[in-house]
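1. Following is a predicted model, sequence given first.
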Amino acid sequence: SQTIHQWPATLVQPVGSPLSLECTVEGTSNPNLYWYRQAAGRGLQLLFYSVGIGQISSEVPQNLSASRPQDRQFILSSKKLLLSDSGFYLCAWSSWGGTEAFFGQGTRLTVV
Amino acid sequence: GESVGLHLPTLSVQEGDNSIINCAYSNSASDYFIWYKQESGKGPQFIIDIRSNMDKRQGQRVTVLLNKTVKHLSLQIAATQPGDSAVYFCAEGPISGGGADGLTFGKGTHLIIQP
């Protein structure tokens, strides 16, 4: 069966520090991969998605970037965090050609 | 623009009663709908989905109803249990294999189970 791992679960970082959140998927090949941000009381906002290694699409202008160095690895990064980057970040995958998203457990990021 | 929303932000029900969570959508072109359950501090879990060529689909203790005429989606949970306490949200999008980037998510309804 397919599983998705996302870490860390919580992270407290100072303003101006770098960020690296990692997500890996097991049990499937060539998945579509996604990074979402979930703000309290708001719906999920798609940040990035990837249909293959090295292929990244950005949905919103922001202080973050994403990379996909391997087929089942997706990384969310920032060179310098802002206070407004605080939030709950979710990685997800879907099968190639599939529409439903399957989510990781999320990372609670607090920028102080 | 098109949006997906929920009628009620919080729903409180007695343990053992049935729960009905509602969702309105405005994109008449959407032909695929999903319900997710999200427990506090965790990622959303896929519960059940339905395609636009159906008006009802049943799972284990859950039923999703789709009314395309009024663009309304509902999730019914039978005999609610304490473990059902969570935020439930719907998502809608195309079924055309474009990937989950085509999904639009609602804000969610917080279901609270009273003992």
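-> That came in fine, so what should we check first? Note that this is a predicted model, so its numbers are computed, not measured.
2. Leaving out chain neighbours, which residue sits closest to A:Asn30?
-> A:Trp96 (5.3 Å; C-beta to C-beta, 6 or more residues apart in numbering or on different chains). The way it works is simple: take the backbone N, C-alpha and C, and place the C-beta from them, glycine included.
3. where's the closest residue to B:Ala78 other than its chain neighbours relative to A:Ser1, distance?
-> Distances taken as C-beta to C-beta, 6+ apart place B:Arg61 nearest to B:Ala78, at 4.8 Å, with adjacent residues excluded. Distance check for B:Arg61 against A:Ser1: by C-beta to C-beta, to the nearest Å, it reads 22 Å.
4. More neighbours: which of the two?
-> Neighbour totals were compared for B:Arg61 and A:Ser1, and B:Arg61 leads with 13 against 5 (other C-beta atoms under 10 Å in any protein chain shown).
5. The closest residue in space to A:Thr10 that isn't next to it in sequence: which element?
-> Nearest residue to A:Thr10, sequence neighbours excluded (C-beta to C-beta, 6+ apart): A:Arg108, at 4.6 Å. Here A:Arg108, judged by DSSP states H and E, is contained in strand A:107-111.
6. returning to that earlier point: return the residues in contact with the residue nearest to B:Ala78.
-> B:77-79 (C-beta atoms under 8 Å, 6 or more residues apart in numbering or on different chains).
7. Is it correct that A:Gly9 is in contact with A:Thr107?
-> No Gly there; residue A:9 is Ala. Yes: applying C-beta atoms under 8 Å, one finds A:Ala9 in contact with A:Thr107, separated by 6.3 Å.
8. Neighbour count: the two, which is higher?
-> Neighbours per residue, other C-beta under 10 Å: of A:Ala9 and A:Thr107, the larger number sits with A:Thr107, 22 against 12.
9. The nearest residue to that one once chain neighbours are set aside pairs with what?
-> Counting by C-beta to C-beta, 6+ apart, A:Thr107 lies nearest to A:Tyr89, which is 4.8 Å off, once chain neighbours are set aside. A:Tyr89 forms beta bridges with A:Arg37, A:Thr107, as assigned by DSSP bridges.
10. Pull up the residues of chain A that are close to chain B.
-> A:6, A:32, A:34, A:41-44, A:46, A:49, A:51, A:57, A:59, A:90, A:92, A:94, A:97-106, A:108 (C-beta under 8 Å from any C-beta of the partner chain).
11. Kind regards, and thank you for your time.
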